[in-house]
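1. fold the following for me, if possible:
(2 chains)
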Amino acid sequence: MSRRLNAFDRLVTLLVALGLAALAFFAFDWRYGWVFTYPSQLSTGPVTTAVEATWFPWAFAGVAVVLGLLALWWLASHARRPHESTIRLRGSSNAGRLELDLSSLASAAADRFGQLAGTDSVRGRTRTIGSHQVVEITARLDPRSDGPSVAAAARTCAADVAAALPDGDATCRVLVDGPRGRADRGRTATVGAP
Amino acid sequence: MSSKAPSTPPARTPAAGLVASLLAIGLIALAVVAVRDLAVAQGWTTGSPWTPPAVSALDGLTANGTVLAVGGVAGVLALLLLYVVLKPARKTHGQGGDDSTDLWVSPGAVATLAREAADRTAGVRAAEARATRRSVTVTVAAEPGAGDVEAAVRASVEQQLAGLASTTVKVRSRRVEEKSA
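-> Have a look, this model is predicted:
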């Protein structure tokens, strides 16, 4: 999720929180009269008149559809993963364009990492973090692997990506997780007799 | 030498993202209701509109217990949402490697490596490891008569994690009782 989307989510959540807080305040203030005075009964006459007017269904549907479409785009934004699939390399000119497919680079880097470090599974993908393009390798460790080999494999893959992109157009990030099936959330590993 | 990417720690989707998704679904549902009411009003489909009765139901409402209950629920929800807004996204990995690598290691991976290292240590019959982003606690069942198992396990685990994760290693041991013949 991008920082901008995260900030927007938090802003909207804050506005909803403020709206609910206002609703709570007015409900209790209506009952106990702490700050304002209110009629004893709620009258929805003007609102009911507007809602029953012939123009209301059109206006309501128009506004709601616009909001619904924006909401769909908003929802889709959470599923989208910001990334660039190709990078234009230095050397591009009017004669031609040099581009590197970052997805292929990510897959190759992941395969290399899997060969060097003991992993159950490994995958590579591209991501945009802030304004940076990142080749991200995510690996699940084989329980029999060793830390120094994994660290060395990460250094090697970072060097490989740097060699492929000497201008620093993208860097390499390695995420190492525990073996699948064991509660990574529980972070507990047990072996041997109790 | 590659330039290291900004070290933004890997993190779960913030809770605000889940709330936002629910709000978006609510808006989409509202749009469906509005279009349905329009279709009913224009005679494109049968049924009766939902919006006018919903508004009319509020007419004559007084500040009764139901209103207080709704206000109370709204207040609690407001506090929860405020917590969601302020809560930072939960980080999933701790920083590993050295300054030249953008390497992140999950507590599960640290626990797995620590457990395996402890289990291979002489004098250990069984091992269990539990890790956070900052430390790993290894609990071992030591063979009867084994020497300083804790020191050996600590050395083994620290060697296993060397260069990968700079976490604090804590070791606890218990002696397995010898079974009488």
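
2. only C-alpha atoms for contact and neighbour calcs from this point on.
-> Noted.

3. any weak-confidence spans in chain A?
-> Scanning chain A for pLDDT under 70 picks out the ranges A:1, A:82-84, A:87-93, A:181-194.

4. centroid-wise, who is the farthest residue in it?
-> Using CA atoms, centre = their mean, the residue of chain A lying farthest from its centre is A:Ser40. It sits 48.1 Å away.

5. list the contacts of that residue.
-> For A:Ser40, the contact set (CA atoms under 8 Å, 6 or more residues apart in numbering or on different chains) comprises B:Thr62, B:Ala63.

6. what about the nearest residue to B:Ser48 once chain neighbours are set aside, helix or strand, and which?
-> Distance criterion CA to CA, 6 or more residues apart in numbering or on different chains; nearest residue to B:Ser48, sequence neighbours excluded, is B:Val40 at 6.3 Å. B:Val40 is part of helix B:15-41 when elements are defined by DSSP states H and E.

7. now do the buried residues in that helix.
-> Using 16 or more other CA atoms under 10 Å in any protein chain shown as the test for burial, helix B:15-41 gives B:15-17, B:19-21, B:23-25, B:27-28, B:30-41.

8. ditto for stretch A:125-135
-> For stretch A:125-135, burial by neighbour count (16+ other CA under 10 Å) applies to A:Arg125, A:Thr126, A:Arg127, A:Thr128, A:Ile129, A:His132, A:Gln133, A:Val134, A:Val135.

9. same check on stretch A:157-165?
-> Those would be A:Cys157, A:Ala158, A:Ala159, A:Asp160, A:Val161, A:Ala162, A:Leu165, for stretch A:157-165 by 16+ other CA under 10 Å.

10. the helices in chain A, which residues?
-> Using DSSP state H, the helices of chain A run over residues A:3-32, A:45-51, A:56-79, A:102-116, A:147-164.

11. so can I have JSON lines of these showing distance to B:Val85?
-> Putting the helices of chain A into JSON lines (distance: least, CA to CA, whole Å) gives the following:
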{"stretch": "helix A:3-32", "distance to B:Val85": "5"}
{"stretch": "helix A:45-51", "distance to B:Val85": "33"}
{"stretch": "helix A:56-79", "distance to B:Val85": "17"}
{"stretch": "helix A:102-116", "distance to B:Val85": "34"}
{"stretch": "helix A:147-164", "distance to B:Val85": "35"}
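
12. rebuild those helices as JSON lines, extending it with distance to chain B.
-> Listed next are the helices of chain A as JSON lines, based on distance: least, CA to the nearest CA, whole Å:
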{"stretch": "helix A:3-32", "distance to chain B": "4"}
{"stretch": "helix A:45-51", "distance to chain B": "6"}
{"stretch": "helix A:56-79", "distance to chain B": "4"}
{"stretch": "helix A:102-116", "distance to chain B": "12"}
{"stretch": "helix A:147-164", "distance to chain B": "5"}
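
13. among the ones you listed, which is nearest B:Ala146?
-> Proximity to B:Ala146 (CA to CA) singles out helix A:147-164 among the helices of chain A, at 26.3 Å.

14. could you list the residues in contact with the closest one?
-> With contacts defined as CA under 8 Å, 6+ apart, helix A:147-164 is touched by A:105, A:109, A:112-113, A:116-118, A:135, A:168, A:170-174, B:1-2, B:97, B:100-101, B:103, B:113, B:160-165.

15. domain ranges for chain A, per the record?
-> Domain segmentation of chain A under automatic domain parsing yields A:3-79, A:86-91+A:98-177.

16. out of those, deepest packed?
-> Among the domains of chain A, domain A:86-91+A:98-177 has the highest mean neighbour count (mean count of other CA atoms under 10 Å in any protein chain shown), at a mean of 20.

17. for B:Gly168, what are its contacts?
-> You called it Gly, but residue B:168 is Thr. Counting by CA under 8 Å, 6+ apart, B:Thr168 touches B:Arg134, B:Ser135, B:Val136.

18. distance check, the last one against chain A.
-> In this view, B:Val136 and chain A are 9 Å apart by CA to the nearest CA, to the nearest Å.

19. compute the number of surrounding residues for that residue.
-> A count of nearby residues for B:Val136, using other CA atoms under 10 Å in any protein chain shown, gives 24.

20. so it, which state does it fall into?
-> Look at B:Val136: counting by DSSP: H, G, I helix; E, B strand; the rest coil, its state is strand.

21. could you pull up phi and psi at the most centrally placed residue in chain B?
-> Nearest to the mean C-alpha position of chain B, counting by CA atoms, centre = their mean, stands B:Arg90 at 5.8 Å. Backbone torsions of B:Arg90, given as degrees, to the nearest 10, read phi -70, psi 120.

22. wait, it touches B:Ala16, no?
-> No: under the criterion of CA atoms under 8 Å, B:Arg90 makes no contact with B:Ala16, lying 11.8 Å away.

23. contact partners for the residue in chain B sticking out farthest from the centre?
-> Taking CA atoms, centre = their mean, the residue of chain B most remote from its mean C-alpha position is B:Gly43, at 49.9 Å. Contacts for B:Gly43 (CA under 8 Å, 6+ apart) come out as none.

24. show me chain B divided up by domain.
-> By the assignment in automatic domain parsing, chain B contains the domains B:15-86, B:95-175.

25. check which helix or strand covers B:Val153.
-> Using DSSP H and E, B:Val153 maps to helix B:149-161.

26. what sits up against that helix?
-> Helix B:149-161 is contacted by residues A:146-148, B:110, B:113-115, B:117-118, B:121-124, B:142, B:169-173 when judged by CA under 8 Å, 6+ apart.

27. from those residues, which land in helices?
-> Among the contacts of helix B:149-161, the members found in helices (DSSP H) are A:Gly147, A:Pro148, B:Val110, B:Leu113, B:Ala114, B:Arg115, B:Ala117, B:Ala118.

28. on that earlier part again, buried among the contacts of helix B:149-161? Need that as a selection in PyMOL.
-> Here is the PyMOL command that selects the buried residues among the contacts of helix B:149-161 (16+ other CA under 10 Å):
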select buried, (chain A and resi 146+147+148) or (chain B and resi 110+113+114+115+117+118+121+123+124+142+169+170+171+172+173)
